[in-house]
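K.L.:
structure for the following, please:
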Amino acid sequence: MNDAVRTKKCGRCKAYLPLDNFRKDVRYRYERVSWCRKCHIEYQREHRKKHRKQYNAMNSRWAKRQLEKGLCCHCRNKRLPHSNYWCEEHYIRQVAYKRLQNASYDTYKILLNKFNAQNRKCPYTDEPLEFGVNTHLDHILPVNTFPELQCDVNNVEWVSKRANRMKADMTKEEFYNTCKYISDKWMREKYR
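P.N.:
Coordinates of the predicted model:
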């Protein structure tokens, strides 16, 4: 340490760095660990890469025990009734990652708020939605036509699986017009 305890020498890279570059830990002198954050992260990456099989086996055993207890395989929360692996948060984050390439906590909160704002109902069919049973995260403006909106959280809504399959790559307006056309045609044929 020098400069009146404002910098510290990293035990790995030997560089003198500000104290903020060292994690706090009361067990160490000046309550800071001996390696800087950058060196610590490098070491963790190297260690995980070198011992990947052991880490994977350990994580697999933990996930298996969680599932046997009826808990989410990522946390200690109760699993959804119709999900084999996830609690509500991790189900939404997994769907968000697949559909939006973003599984952050903020995205999860936004999607959960959208689900609750829809009163947990499909905007097309008005049927009740339940995570892990009949929910899909649909792009309002289809990705085929608007690829720049693929990762936009404001371009999605929760819909039923059936409605999402019927809608396919149509916009809302195109979908409503198609449904109206089919309904009108059916009514004409029924009352001939």
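
K.L.:
mind listing the strands for the protein?
P.N.:
Here the chain has its strands, by DSSP state E, at 7-9, 16-18, 135-139, 156-160.

K.L.:
now these as JSON lines including mean neighbour count, mean pLDDT and distance to Phe115?
P.N.:
From N, CA and C alone the C-beta is placed, and that goes for glycine too. Converted to JSON lines, the strands of the chain look like this (neighbours: other Cβ atoms under 10 Å; pLDDT from 0 to 100; distance: least, Cβ to Cβ, whole Å):
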{"stretch": "strand 7-9", "mean neighbour count": "17", "mean pLDDT": "89", "distance to Phe115": "48"}
{"stretch": "strand 16-18", "mean neighbour count": "14", "mean pLDDT": "92", "distance to Phe115": "44"}
{"stretch": "strand 135-139", "mean neighbour count": "20", "mean pLDDT": "94", "distance to Phe115": "8"}
{"stretch": "strand 156-160", "mean neighbour count": "23", "mean pLDDT": "96", "distance to Phe115": "5"}
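
K.L.:
now those as TSV including distance to Asn113?
P.N.:
Below are these laid out as TSV (distance: least, Cβ to Cβ, whole Å):
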stretch	distance to Asn113
strand 7-9	44
strand 16-18	39
strand 135-139	14
strand 156-160	11
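
K.L.:
domain parsing for this protein?
P.N.:
Here the domain parsing of the chain from automatic domain parsing is 7-46, 88-178.

K.L.:
kindly report which one of those carries the lowest mean pLDDT.
P.N.:
Among the domains of the chain, domain 7-46 carries the lowest mean pLDDT, a mean of 89.

K.L.:
I'm done for today, thanks for sticking with me.
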